[in-house]
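>>> Provide a 3D model corresponding to the input given below.
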Amino acid sequence: MELVTDERGGVTVVRDGHPQSYVQPDDPQLLVFEYVQHLALALDALAPAGRLGVTHIGGAGLTLARYVEHTRPGSPQIVLEPDVELTEVVRRELPLPRGHRIRVRPVDGAAGVGGLKDASADVVVLDAYDEGRVPADLTSATFAASAARVLRPGGLLLMNLADEPGLRYVARVVATLLPAFPSVAAVTLQEVLKGKRYGNVVLVASAAPLDVDELRRRAARADFPTGVLGAAELTRRARSATPFDEVGEPSPAPPDPGRWRLR
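Numbering: from 1, shown residues only. Next comes the predicted model:
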């Protein structure tokens, strides 16, 4: 694990040879990675105003947790991050703001979610990778049931996934989620949506109806050319996909990490 500082004073957290987070301590709203912008976009578009109870699965540099604290001060947030050494380095080198309510628990995502109270979060954010892949147990049927149990009525599940052209893995995740989360949408770069390359896809799921029109309005103003798939298209794709069982499956392996791009 290493921290790489750039000329703007921002820091990239690199783990397993893959960039995990970008943090600009003086500007929590500077979100450099496309998928982090998409997570924030979905949260801002669909979550109610004011403080939110957010559970993050995966911490790294705590970029999105810092963003939530900055835009919704005082929000109680739990971060499930098993890498104790990483958390210690981030806290030391990239201190969190005073008065924050971000609590990091040294536990892996599946076990951590399983230990949370019923209806204890407004938003659950999955952004966890191991050697560049989403761990199998975080897309399993067991995880879907745990996330549904932890969310309050109308709560949001945001998942940062990664997939190859065709988005067959994403379709299997959607098929796994639909019994508990009948409302789904996906936010991703247009070039990923058009099947031009491997890339990140932010899946948005809820038991309550999603305002996809608002999601599309926000996506149209994004820094990067961004598209949105609504429930009808995702459900169509999921019909021909096999849901994951209690074990799940890791996301497809990424290409050479040198191809990750920063703005």
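
>>> For residue 96, which non-adjacent residue is closest in space?
residue 102 (5.9 Å; C-beta to C-beta, 6 or more residues apart in numbering). For glycine as for every other residue, the C-beta is placed from the backbone atoms N, C-alpha and C.

>>> Likewise for residue 214?
residue 45 is the one closest to residue 214 (C-beta to C-beta, 6+ apart), at 4.9 Å.

>>> repeat for residue 157
Closest residue to residue 157 apart from its sequence neighbours, by C-beta to C-beta, 6+ apart: residue 205 at 4.4 Å.

>>> how about residue 157, what does it touch?
Applying C-beta atoms under 8 Å, 6 or more residues apart in numbering to residue 157 gives the contacts 123-124, 126, 147-148, 151, 177, 181, 203-206.

>>> Against residue 39, how distant is residue 79?
With distances taken as C-beta to C-beta, to the nearest Å, residue 79 is found 14 Å from residue 39.

>>> again with residue 235
Applying C-beta to C-beta to residue 235 and residue 39 gives a distance of 22 Å.

>>> and the longest helix anywhere in the chain, what's its mean pLDDT?
In the chain, taking DSSP state H as the definition, the longest helix is helix 34-46. For helix 34-46, mean pLDDT rounds to 96.

>>> Can you pull the phi and psi angles for residue 159?
When quoted as degrees, to the nearest 10, the phi and psi of residue 159 stand at phi -130, psi 120.

>>> List the contacts of the closest residue to residue 86 other than its chain neighbours.
Nearest non-adjacent residue to residue 86, counting by C-beta to C-beta, 6+ apart: residue 1, 5.5 Å away. Going by C-beta under 8 Å, 6+ apart, residue 1 touches 13-15, 83, 85-86, 89.

>>> re earlier: who has more neighbours out of residue 235 and residue 39?
Set side by side, residue 235 and residue 39 show more neighbours around residue 39, with 27 against 16, by other C-beta atoms under 10 Å.

>>> Would you enumerate the residues in contact with the more buried one?
Here residue 39 is in contact with 64, 125, 127, 158, 160, 202 (criterion: C-beta under 8 Å, 6+ apart).

>>> and if we set it to 10 Å?
The contact partners of residue 39, by C-beta atoms under 10 Å, 6 or more residues apart in numbering, come to 31, 33, 56, 63-64, 67, 123, 125-127, 158-160, 187, 200, 202, 204.

>>> same check, this time on residue 174
Residue 174 neighbours (C-beta under 10 Å, 6+ apart): 159, 161, 167, 181, 184-186, 203, 205, 229, 231, 234-239, 241, 243.

>>> That one - that's part of a helix, no?
Yes: assigned with DSSP: H, G, I helix; E, B strand; the rest coil, residue 174 falls within a helix.

>>> Report the spatially nearest residue to it, omitting neighbours in sequence.
Leaving aside its sequence neighbours, residue 174 sits nearest to residue 238 (C-beta to C-beta, 6+ apart; 4.3 Å).

>>> now for the helix or strand hosting that neighbour, which elements pack on it?
Taking DSSP states H and E as the criterion, residue 238 maps to helix 231-239. Under the contact definition 3 or more C-beta pairs under 10 Å, 6 or more residues apart in numbering; DSSP states H and E, helix 231-239 sits against helix 168-177, strand 183-189, strand 199-206.
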